[in-house]
Every structure is written in structure tokens, then in C-alpha cells.
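Student: coords please:
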Amino acid sequence: LGAVLAGQYKEELRFLLHTKIFDHKGVYFEGDALNDVVLGRGSETHLIEFDVHVNDQLVSHYRSDGMILSTPTGSTAYALSAGGPIMHPQLNAIVLVPMFSHSLSSRPLVIDSQSKIILGISEHNETDLRISCDGHESRMVKPGQKVSVEKNGQQLRLLHPLDYHYYDTLRSKLGWESKHQG
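Tutor: Numbers count the residues shown, from 1 in each chain. Down below sits the predicted model:
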């Protein structure tokens, strides 16, 4: 910490995600996330239904427990535990990770970070769903509403010691140096 405070550091910029919950009446919530935006079941005990559009093109109709939309920074957190890929933090990409999908062909999808993603919440869902930003700001999403997710124009500035290396951190975090990797 002393070296960083003395000005001996390297700077790294990480992008954020910006999300909105909206319908034809207006915008109900806006939030930002460094790691991920998660659409979840809320109090539902069965699969939820939603469509995913990227840049106004339909990707798929999903029946699942939800969807994780992750930055490269968040790719080693919740998205990884749900089967998503590890993305280098300097990639300009977003990964969409379906959570326990009803279809075995539903797989994580990596897209360009400049894409605009719309989750269309089906009217067939019986109760309200939830959107959370980095697991903190959990908000209700009603059937028929939409959720947009896109890259935020602002970036987070990280300061690392001069001897910082991403792969050292990754090995440590994932236990790749352990003799008992499994």
C-alpha cells in the first residue's frame, strides 16, 4: 500500500454495466454494476420465462431460474459458479449465463460490450421477479416489463502495485497452485 500511496503503481480501467427496468409507462429503476446484473426468480418456485434480445435481434426465449449478465471483472464470481467462462479483465465483452435452464442447449454467450441487451419478461410469469446489481440493489420486475443492460460510459480506475499480475491473482483465487486441485 505504501508504494501505491507514494505514486508507484500501474493503473487499470474496468467498465461497469448500467441497467434499467422499464415498460411503456416509464423507467422504474436504474443501477450500475462492476461485476454482474442478475435476473432471478424472486419468490417463484418454478422456472421463469423471458426473451433476450441483443442489438434488437432475438437471441432466444429462456425458461430457467434466471440470467447472469457479467463483466470480465465479474466473470470469476457468480457467473463462474453458474458455468460461465473466465474472461480476462481487459476484454471488452459481456457474458450472458443462463441459470439452470430447462434446455440443455442453453449455454453461456459472450458478446461485444458495446451491445445493448434487452430482457423481455414474459406475461406468463405468475409473480414478480428480481433484478440485482452486484448482489446489492435488488428490485422487483413485473411480468411484461423489460430490463436493459449495457456498458456504462464511466469506468472504475484501479491502482495496482508495480509487481501486480492478473494471472497471479487468478491462480491464487482459484487455487490453481494447490496440490489437490481435484
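
Student: can you list the low-confidence ranges for this protein?
Tutor: Using pLDDT under 70 as the threshold, the predicted model of the chain has low-confidence ranges 44, 178-182.

Student: can you pull out the strands in it?
Tutor: In chain order, the chain shows strands spanning 9-23, 26-33, 36-40, 48-54, 57-64, 66-70, 93-99, 109-112, 117-121, 129-133, 139-141, 146-161, with DSSP state E as the criterion.

Student: mean neighbour count and distance to residue 83 added to these, as JSON lines?
Tutor: C-beta: built from backbone N, CA, C; applies to glycine. Written out in JSON lines, the entries for the strands of the chain read as follows (neighbours: other CB atoms under 10 Å; distance: least, CB to CB, whole Å):
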{"stretch": "strand 9-23", "mean neighbour count": "17", "distance to residue 83": "20"}
{"stretch": "strand 26-33", "mean neighbour count": "15", "distance to residue 83": "20"}
{"stretch": "strand 36-40", "mean neighbour count": "24", "distance to residue 83": "14"}
{"stretch": "strand 48-54", "mean neighbour count": "20", "distance to residue 83": "17"}
{"stretch": "strand 57-64", "mean neighbour count": "15", "distance to residue 83": "12"}
{"stretch": "strand 66-70", "mean neighbour count": "26", "distance to residue 83": "10"}
{"stretch": "strand 93-99", "mean neighbour count": "24", "distance to residue 83": "7"}
{"stretch": "strand 109-112", "mean neighbour count": "15", "distance to residue 83": "12"}
{"stretch": "strand 117-121", "mean neighbour count": "21", "distance to residue 83": "19"}
{"stretch": "strand 129-133", "mean neighbour count": "22", "distance to residue 83": "19"}
{"stretch": "strand 139-141", "mean neighbour count": "19", "distance to residue 83": "23"}
{"stretch": "strand 146-161", "mean neighbour count": "15", "distance to residue 83": "19"}
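
Student: distance to residue 2 added to the ones you listed, as JSON lines?
Tutor: Compiled in JSON lines, the strands of the chain are given as follows (distance: least, CB to CB, whole Å):
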{"stretch": "strand 9-23", "distance to residue 2": "11"}
{"stretch": "strand 26-33", "distance to residue 2": "31"}
{"stretch": "strand 36-40", "distance to residue 2": "33"}
{"stretch": "strand 48-54", "distance to residue 2": "45"}
{"stretch": "strand 57-64", "distance to residue 2": "48"}
{"stretch": "strand 66-70", "distance to residue 2": "33"}
{"stretch": "strand 93-99", "distance to residue 2": "35"}
{"stretch": "strand 109-112", "distance to residue 2": "38"}
{"stretch": "strand 117-121", "distance to residue 2": "42"}
{"stretch": "strand 129-133", "distance to residue 2": "33"}
{"stretch": "strand 139-141", "distance to residue 2": "41"}
{"stretch": "strand 146-161", "distance to residue 2": "10"}
